[in-house]
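A.B. asks: Provided below are the primary sequence and the corresponding predicted coordinates.
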Amino acid sequence: MTRLGLRTLGAQLTAGCSSPAGAADMASQSLSEQGFCMLQPDALAKLCEVPTGACAAAASFWEALPPDGYLRDGGHYRSRRHGSFIQHLDASGAAPDLEQMPQRAHYQPSTFNALHGGLVRWYPPLDGQLVAMPCFRALVTGLGRVFARQRPVRQWFVEAHQFRIDTHGGVGRPTPEGAHRDGVDFVGVVLVQRHGIRGAETRVFELDGPYGVRFTLDQPWSALLMDDTRVIHETTPITPINADASGWRDTLVLTYRATGFMDPPG
C-alpha cells in the first residue's frame, strides 16, 4: 500500500502525566483529534492506575510462548497465546468487572486480514497466573475505560494476544499482513520488551487520507492506542543486531469491540 506524507512522530505525544485523570484526558484528546495516541510507561501506568514498574514481573510470561502454527508465509518467527474477555462498564464508564470467557478461536475475515483472513485459529490460552496479576487486569480495564470515553458502551468484547516475534530465521515480521485494520473499535499495543533487534518501526496512517506517522516503541510498557475505525497500522520487520545471536520483540495486543466477538460465518 503506497502512502504519502509519512512523518516522524516527535515527543509531543510521549510526555508523561502526573495523575490518572491527566493521563486519561491526554489519551482521550489525542484519540479524538487524530485517531491514535502513544503513551510512555509512566503515562500508561497513571492511566491504568498501577505503580510505575508494576508490570515488569509479567514479562516472564513471554519467555515460553508456543509457536504460531498458522503463518501462511511459511515463517517460524511468531509465538503467541490468546484469551477473550468481556469488560462490563457502568453508566459512568467505570469498569466494575472483567469476565474471562472460555477459550475460543480467533477469527478475522479477509477484508481485515489479507494473509490470514478466513482462518479459524485456535491458540493456547493465556497463563492463568498472568490473567490473575493485578497489572494485567488494570491494563485491560484501564484502556477500556479510556476507549469508552470515545464511544460510550456498557461492555467491551476484548481479545488479548501475547506475541513474541523473533529473528531465529534472520527476519521477524510483526505484521506479515501489511498495513491493516483489525476489524474492531479500538486497539492497544503494549510493548513488553525488545531485545537485540533493529527495526520494528510502527507506522499509523489515516484510513482515507495520504498522511501517516512513524515512530518506534522502545521503552518497556509503553503503548500505542488506536481508533481502528479511523486509522490503519503496520510494524516493519525486525533483524538481529548481532548476526550470531537471535533477538525478539514481545507485545501484548488488546482489541476492543462493542458488538461482540468476530466469529466465522455460520
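C.D. replies: Thanks, I have the structure now. Numbering: from 1, shown residues only.
A.B. asks: going by C-alpha atoms from here, please, whenever you check contacts or count neighbours.
C.D. replies: OK.
A.B. asks: which residues touch Ser246?
C.D. replies: Contact analysis of Ser246 by C-alpha atoms under 8 Å, 6 or more residues apart in numbering lists Asp166, Thr167, His168, Gly170, Gly196, Pro240.
A.B. asks: which regions of the stretch 51-200 of the chain sit below the pLDDT cut-off?
C.D. replies: Counting by pLDDT under 70, the stretch 51-200 of the chain shows low-confidence ranges at 92-96, 115, 117.
A.B. asks: run a quick neighbour tally on Ala154.
C.D. replies: Small correction: residue 154 is Arg, not Ala. Look at Arg154: counted by other C-alpha atoms under 10 Å, it has 16 neighbours.
A.B. asks: with Arg137 instead?
C.D. replies: 15.
A.B. asks: against Thr52, how distant is the residue of the chain most remote from its centre?
C.D. replies: Distance from the C-alpha centroid of the chain, by C-alpha atoms, centre = their mean, peaks at Asp244 (29.6 Å). Per C-alpha to C-alpha, to the nearest Å, Asp244 is found 34 Å from Thr52.
A.B. asks: and whichever strand or helix holds Thr141, what's buried?
C.D. replies: Taking DSSP states H and E as the criterion, Thr141 maps to helix 134-150. Neighbour-count burial for helix 134-150 flags 135-136, 138-149 (criterion: 16 or more other C-alpha atoms under 10 Å).
A.B. asks: just checking, what packs against it?
C.D. replies: helix 20-34, helix 41-48 (3 or more C-alpha pairs under 8 Å, 6 or more residues apart in numbering; DSSP states H and E).
A.B. asks: with respect to Glu234, which of these lies nearest?
C.D. replies: helix 20-34 (16.7 Å; C-alpha to C-alpha).
A.B. asks: which secondary structure elements does the closest one contact?
C.D. replies: strand 36-39, helix 41-48, helix 134-150, strand 223-227.
A.B. asks: so which of these gets nearest Ala64?
C.D. replies: Judging the helices and strands packed on helix 20-34 by C-alpha to C-alpha, what sits closest to Ala64 is helix 134-150, at 17.9 Å.
A.B. asks: who touches the closest one?
C.D. replies: 24, 27-28, 31-32, 47-50, 54-55, 87, 89, 93-95, 98, 130-131, 156, 186, 188, 254, 256.
A.B. asks: likewise for stretch 191-209?
C.D. replies: Against stretch 191-209 from outside (C-alpha under 8 Å, 6+ apart): 3, 59, 174, 211-223, 229-242, 245-252.
A.B. asks: before we move on, the earlier item: which among the contacts of Ser246 end up buried?
C.D. replies: Asp166, Thr167, His168, Gly196, Pro240.
A.B. asks: nearest to Gly69 among those residues?
C.D. replies: For the buried ones among the contacts of Ser246, the nearest to Gly69 is Asp166 (14.6 Å; C-alpha to C-alpha).
A.B. asks: check the burial of the spatially closest residue to the closest one that is not a sequence neighbour by counting its neighbours.
C.D. replies: Spatial nearest neighbour of Asp166, chain neighbours left out: Trp248 (4.1 Å); criterion: C-alpha to C-alpha, 6 or more residues apart in numbering. When neighbours are counted by other C-alpha under 10 Å, Trp248 registers 21.
A.B. asks: looking at it, Trp248 is touching Ile165, isn't it?
C.D. replies: Yes - taking C-alpha atoms under 8 Å as the definition, Trp248 is a contact partner of Ile165 at 5.5 Å.
A.B. asks: picking up where we left off before, now do the contacts for the residue nearest to Asp166.
C.D. replies: Here Trp248 is in contact with Arg164, Ile165, Asp166, Thr167, Arg194, His195, Gly196, Ile197 (C-alpha under 8 Å, 6+ apart).
A.B. asks: can you tell me how far it is from Phe36?
C.D. replies: For Trp248 relative to Phe36 (C-alpha to C-alpha), the value is 25 Å.
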